[in-house]
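>>> structural data only, the sequence is not supplied:
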């Protein structure tokens with residue numbers, strides 16, 4: 001239903017980790033503590049001795065239609081296409097998607113684990129497993145390595161290991177420990193290795209360092225604005241001046257907001273200089289819009305506003321995604337959703353947004 005004939009790449013889909021992943025992949029020293037599925041009388045649950053895990057019932061959320069999401073459930077009810085690449089291929093093909101860049105589901109919550117060595121071991125196990133998931137079909141599936149930044153030296157080592165494994169991107173918690181924002185110099189060794197290895201760093205929605213169980217409707221609606229706050233801080237602190245080759249991906253935070261941020265930041269930048277309001281403050285070497293265009297990309301599922309403002313945001317910076325198999329996914333109606341978004345968008349720009357930008361970012365052939 002799109003005008004372009006080129007294949008479609010989802011720049012943000014998810015695996016559904018199998019219940020025995022950590023039992024099989026975690027290092028022996030942590031095997032007795034490995035996160036796993038436990039069968040209870042009325043439901044199955046993920047068990048982890050620290051941190052807050054996702055309920056089994058919400059996993060592979062596309063199976064719940066018309067808002068009938070159930071927290072309780074049995075692992076056997078979770079479709080195999082979440083964790084078996086061969087079962088997954090026909091599912092995404094029926095949706096018109098030819099390839100996916102994959103994020104975790106359960107492992108998104110491992111940032112909440114307070115025992116740092118244990119959290120790092122859990123993430124190393126996930127990174128090993130997801131590489132094995134992708135290996136049989138390298139031009140269908142690619143994935144990000146998941147990195148904890150609680151110990152920056154270890155994070156640098158794991159980033160290098162992810163590069164050697166063949167994982168073409170990294171994911172960190174969307175928001176760090178509140179006392180140390182990502183523009184704090186302590187993170188510079190990590191930004192340096194991300195730039196050196198050419199691995200883009202994703203800031204994905206719903207990856208907090210601490211889980212807040214008492215979330216209001218307003219907080220749910222505005223949680224995607226945490227990402228621009230983090231990136232704005234990095235721009236103003238000069239992170240992208242220090243590491244000009246660093247690439248950051250805003251994942252599943254929508255993108256329409258970027259047009260407003262880009263315009264306002266350029267205006268304030270010019271206003272401050274013209275009125276001498278920047279005295280005593282650090283001055284960026286370039287206009288803020290140049291950092292947004294050179295260093296930041298965005299995934300989106302449903303964001304017609306971003307399509308209308310694509311010239312401001314940057315056509316080269318936008319990547320469509322299906323979010324399969326999460327509950328917000330456009331599957332199995334992705335072609336209809338894409339068609340609505342691509343009204344009036346030239347075919348060359350469609351190819352970039354639906355395929356070429358993700359292809360370039362993650363090395364799909």
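It's in. Quick caveat, the model's predicted, so the values are computed rather than measured. Residues are numbered from 1 along each chain as shown.

>>> what's the closest non-adjacent residue to residue 134?
residue 141 (4.3 Å; Cβ to Cβ, 6 or more residues apart in numbering). Placement of C-beta: from N, CA and C, glycine included.

>>> now do the contacts for that neighbour.
Shown in contact with residue 141 (Cβ atoms under 8 Å, 6 or more residues apart in numbering): 85, 88, 99-100, 102, 133-134.

>>> now, the most widely separated pair of those?
Distance extremes for the contacts of residue 141: the farthest pair is 99 and 133 at 13.6 Å, using Cβ to Cβ.

>>> more neighbours, the two?
A direct count of neighbours by other Cβ atoms under 10 Å for residue 99 and residue 133 places residue 99 higher, at 24 against 20.

>>> my guess is that one contacts residue 143. True?
No - using Cβ atoms under 8 Å, residue 99 is not in contact with residue 143, being 11.6 Å away.

>>> picking up where we left off before, hmm, which of the contacts of residue 141 are the buried ones?
For those, a neighbour count by 16 or more other Cβ atoms under 10 Å gives the buried set as 85, 88, 99-100, 102, 133-134.

>>> ok, and the closest non-adjacent residue to residue 263?
Nearest in space to residue 263, with sequence neighbours left out and distances taken as Cβ to Cβ, 6+ apart, is residue 312 at 6.6 Å.

>>> which strand or helix spans that neighbour?
helix 310-313 (DSSP states H and E).

>>> which residues touch that helix?
255-256, 258-259, 262-263, 292, 298, 306, 318, 345, 349, 353.

>>> how near is residue 252 to residue 11?
10 Å (Cβ to Cβ, to the nearest Å).

>>> ditto for residue 240
Distance from residue 240 to residue 11, by Cβ to Cβ: 21 Å.

>>> more neighbours: which of these two?
residue 11 (30 against 26).

>>> confirm that residue 250 sits in a strand.
Yes - applying DSSP: H, G, I helix; E, B strand; the rest coil, one finds residue 250 inside a strand.

>>> so in the chain, where's the weakest helix or strand by average pLDDT?
One helix or strand of the chain scores below all others by mean pLDDT, DSSP states H and E: helix 217-222, with a mean of 75.

>>> what helices and strands are in contact with that one?
Helix 217-222 is packed against no helix or strand, with contacts defined by 3 or more Cβ pairs under 8 Å, 6 or more residues apart in numbering; DSSP states H and E.

>>> C-terminal to it, what's the next element?
helix 226-236.

>>> just to revisit the earlier point, and the buried ones among the contacts of residue 141 as a markdown table, adding pLDDT?
Output for those, formatted as a markdown table (pLDDT from 0 to 100):
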| residue | pLDDT |
| --- | --- |
| 85 | 98 |
| 88 | 98 |
| 99 | 98 |
| 100 | 98 |
| 102 | 99 |
| 133 | 98 |
| 134 | 98 |
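
>>> in TSV, list those along with distance to residue 53 and secondary structure.
What follows is these, written out as TSV (distance: Cβ to Cβ, whole Å; DSSP: H, G, I helix; E, B strand; the rest coil):
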residue	distance to residue 53	secondary structure
85	24	helix
88	23	helix
99	29	strand
100	24	strand
102	19	strand
133	20	helix
134	24	helix
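
>>> between the contacts of residue 141, which sits nearest residue 19?
residue 133 (14.9 Å).

>>> so the nearest residue to that closest one once chain neighbours are set aside versus residue 327, what's the distance?
Among residues not flanking residue 133 along the chain, residue 85 sits closest, at 5.8 Å (Cβ to Cβ, 6+ apart). Distance of residue 85 to residue 327, given as Cβ to Cβ: 22 Å.

>>> also residue 355?
Per Cβ to Cβ, residue 355 is found 25 Å from residue 327.

>>> pick out whichever of the two has more residues nearby.
For the pair residue 355 and residue 327, the greater number of neighbours falls to residue 355 (21 against 15), based on other Cβ under 10 Å.

>>> so for the more buried one, what's the pLDDT?
Confidence at residue 355, expressed as pLDDT, is 98.

>>> that one: what secondary structure?
Residue 355 is classified as helix under three-state DSSP.

>>> that one reaches residue 11, doesn't it?
No - Residue 355 is beyond contact range of residue 11, at 9.5 Å (criterion: Cβ under 8 Å).

>>> what do these two both touch?
By Cβ under 8 Å, 6+ apart, no residue touches both residue 355 and residue 11.

>>> neighbours of the residue lying closest to residue 168 once chain neighbours are set aside, how many?
Nearest non-adjacent residue to residue 168, counting by Cβ to Cβ, 6+ apart: residue 362, 4.6 Å away. Look at residue 362: counted by other Cβ under 10 Å, it has 22 neighbours.

>>> could you check how far residue 362 is from residue 21?
23 Å.

>>> ok, now residue 180?
30 Å.

>>> swap in residue 42?
In terms of Cβ to Cβ, residue 42 sits 24 Å off from residue 21.

>>> neighbour-wise, which of those two wins?
Legend: neighbour count by other Cβ under 10 Å for residue 42 and residue 21, higher for residue 21 (25 against 8).

>>> phi, psi for the more buried one please.
Backbone dihedrals for residue 21, given as degrees, to the nearest 10, come out at phi -50, psi -50.

>>> which residue, other than its chain neighbours, is closest to it?
Nearest to residue 21 is residue 129, by Cβ to Cβ, 6+ apart, at 5.2 Å.

>>> got it, and residue 24?
Residue 24 sits nearest to residue 129 (Cβ to Cβ, 6+ apart), 7.9 Å away.

>>> any chance you could list what contacts the helix or strand harbouring that neighbour?
When elements are assigned from DSSP H and E, residue 129 belongs to helix 116-134. Defining contact as Cβ under 8 Å, 6+ apart, one finds that helix 116-134 is touched by 15, 17, 21-22, 24-27, 29-30, 33-35, 50-51, 83, 85, 102, 104, 107, 110-111, 113, 141-143, 145-148, 150-151, 154, 158, 161-162, 165-167.
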